[in-house]
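Student: Return a 3D structure for these sequence lines:
(one chain, ligands or ions: 2)
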Amino acid sequence: MIDVQNLTKQYAGRIAVNDISFRVEPGEIVGFLGPNGAGKSTTMRILSGYMPATSGSARVAGFDVFQQSLDVRRSVGYMPEMAPLYTEMRVKEYLRFRAELKGLSGYAMRKRVGEVMELTGVNEMRRRLIGNLSKGYRQRVALADALVHQPKLLILDEPTNGLDPVQIRHVRDLLRNLKSKHTVLLSTHILHEVEQTCDRVIMINNGRIRANDTPQHLAAQMRSTTLLHIEVDGKGDLMTDLSALPGVRKVADEEQLVTPWRRFTLRVEPGNDVRDAVLELAMKQNWRIREMHRQLPTLEDVFVEFAMNAGAPSDSPTHVL
Ligand SMILES: Nc1ncnc2c1ncn2[C@@H]1O[C@H](COP(=O)(O)OP(=O)(O)OP(=O)(O)O)[C@@H](O)[C@H]1O
Ligand SMILES: [Mg+2]
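Tutor: Ligands and ions are numbered 1, 2, ... in the order given. Presented below is the predicted three-dimensional model:
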């Protein structure tokens, strides 16, 4: 359904997408993840036929996004990051207008607009001006717009951004129901959602693909290590002392707690249990410990690991070589 080969996008000397290749098969729901500035929206815009790439090729629903961008737009339901909704139009009026632009007409058009308003929960807002809607409702209208022509492929750029938890669940159920008929590529920062919804995850950072696997496999890879959270009150360089313990791969200083307590996360090598060693160290150094627990890594930890280990911060300029 999507076939991307060596796709690159440069904006004025800055590489936003750097030679990426991936495929999405029909019927898959694929999560497109990455930190801010990673290149997700850029890739999605290109795949929807709304922006040219600098080099490489991409086929969507059998069409070339560069040569057949009109066919691509017809086959894709694209929900942009910041949906350019017409603020002076009423919800129903807007969706009918959009449906007509996408080739629907007459009774079928009106019926379909009614269906998508129902699906996305905007029915009670159908007579409101879009400009007067809350952010969450605007998101829902944008989603209704993406769905209205029953596209084979949905490309959704942060569809749950701004939605409340109930509505997020609603979108998740909606995506699951769409699965039989549609292929979905979605970006989001809610990793819990991805774990529950997506068949596969593509992680991108600094314009490059860092991982491409099922959420379960990605988390399992990290599970060869465990995490140990501790809350400690002590003097000296706690970070260095903890890092020096055998079996400890990495120590992260977590958010500041009410002083004097500090919270650390230790990444521990497989097969090691460093809890006793931490306690011995604490006794030796006269630290107090008020919490210590082990945790198996989640997809969120995988994400942070990939994001942190990618070298330069994701928004720093990557110059063309
Ligand atoms: N129109 C533009 N002109 C110049 N640079 C741009 C433009 N759009 C994006 N960029 C840059 O390209 C890089 C990738 O941006 P992109 O919007 O694709 O990231 P993203 O992964 O969608 O991030 P976010 O999670 O913040 O939405 C960033 O460094 C960004 O500053
Ligand atoms: Mg984006």
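Student: Only C-alpha atoms from now on, for both contacts and neighbour counts.
Tutor: Will do.
Student: Residue numbers of the stretch 1-150 of the chain in contact with ligand 1?
Tutor: Within the stretch 1-150 of the chain, the positions adjacent to ligand 1 are 11, 16, 34-42 by C-alpha under 6 Å from any ligand atom.
Student: pLDDT score for the most centrally placed residue in the chain?
Tutor: Centroid check for the chain by C-alpha atoms, centre = their mean gives Thr188 as the closest residue, at 2.6 Å. Thr188 is assigned 88 on the pLDDT scale.
Student: Then Ala146?
Tutor: Predicted confidence (pLDDT) for Ala146: 94.
Student: which residues does it contact?
Tutor: 76-79, 154 (C-alpha atoms under 8 Å, 6 or more residues apart in numbering).
Student: which of those sit farthest apart?
Tutor: Across those, no pair lies farther apart than Val76 and Met79, at 9.5 Å, counting by C-alpha to C-alpha.
Student: what sits in contact with each of the two?
Tutor: 146, 154-155.
Student: Give me the three-state assignment for Asn272.
Tutor: Three-state assignment for Asn272 (DSSP: H, G, I helix; E, B strand; the rest coil): coil.
Student: Thought Gly247 was touching it, still the case?
Tutor: Yes: if you go by C-alpha atoms under 8 Å, Asn272 and Gly247 touch, sitting 6.0 Å apart.
Student: Tell me which of these two has more neighbours.
Tutor: Ranked by neighbour count (other C-alpha atoms under 10 Å), Asn272 and Gly247 place Gly247 first, with 17 against 12.
Student: Quick check: the residue nearest to that one when sequence neighbours are not counted vs Arg249, distance?
Tutor: Nearest non-adjacent residue to Gly247, counting by C-alpha to C-alpha, 6 or more residues apart in numbering: Glu269, 5.3 Å away. Computed as C-alpha to C-alpha, to the nearest Å, the Glu269 to Arg249 distance reads 6 Å.
Student: One more: Thr42?
Tutor: Distance of Thr42 to Arg249, computed by C-alpha to C-alpha: 35 Å.
Student: try Thr298
Tutor: 18 Å.
Student: ranges for the helices of this protein?
Tutor: In the chain, the helices defined using DSSP state H lie at 40-47, 69-75, 91-101, 106-119, 135-147, 165-178, 191-197, 215-222, 238-243, 275-285, 299-308.
Student: Just the C-alpha atoms of the last one, please, in PDB.
Tutor: Presented in PDB, the C-alpha positions along helix 299-308 are these (Å, rounded to 0.1, in the frame of the first residue of the first chain):
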ATOM      1  CA  LEU A 299       7.700   0.900  24.300                       C
ATOM      2  CA  GLU A 300       8.100   4.300  25.800                       C
ATOM      3  CA  ASP A 301      11.500   3.400  27.100                       C
ATOM      4  CA  VAL A 302      12.400   2.100  23.700                       C
ATOM      5  CA  PHE A 303      11.400   5.400  22.200                       C
ATOM      6  CA  VAL A 304      13.400   7.400  24.700                       C
ATOM      7  CA  GLU A 305      16.400   5.200  24.200                       C
ATOM      8  CA  PHE A 306      16.300   5.700  20.400                       C
ATOM      9  CA  ALA A 307      15.700   9.400  20.800                       C
ATOM     10  CA  MET A 308      18.500   9.900  23.300                       C
END
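Student: And that helix, what does it pack against?
Tutor: Contacts defined by 3 or more C-alpha pairs under 8 Å, 6 or more residues apart in numbering; DSSP states H and E place helix 299-308 against helix 191-197, strand 200-205, helix 215-222.
Student: Of all the residues in the stretch 51-200 of the chain, which one is nearest ligand 1?
Tutor: Ligand 1 sits closest to Glu81 of the stretch 51-200 of the chain, with a gap of 7.1 Å, by C-alpha to the nearest ligand atom.
Student: contacting residues for the closest residue to that residue other than its chain neighbours?
Tutor: Beyond its immediate neighbours in the sequence, the residue positioned closest to Glu81 (C-alpha to C-alpha, 6+ apart) is Asp157, lying 5.0 Å away. Contacts for Asp157 were tallied using C-alpha under 8 Å, 6+ apart; they are 41, 44, 78-81, 186-188.
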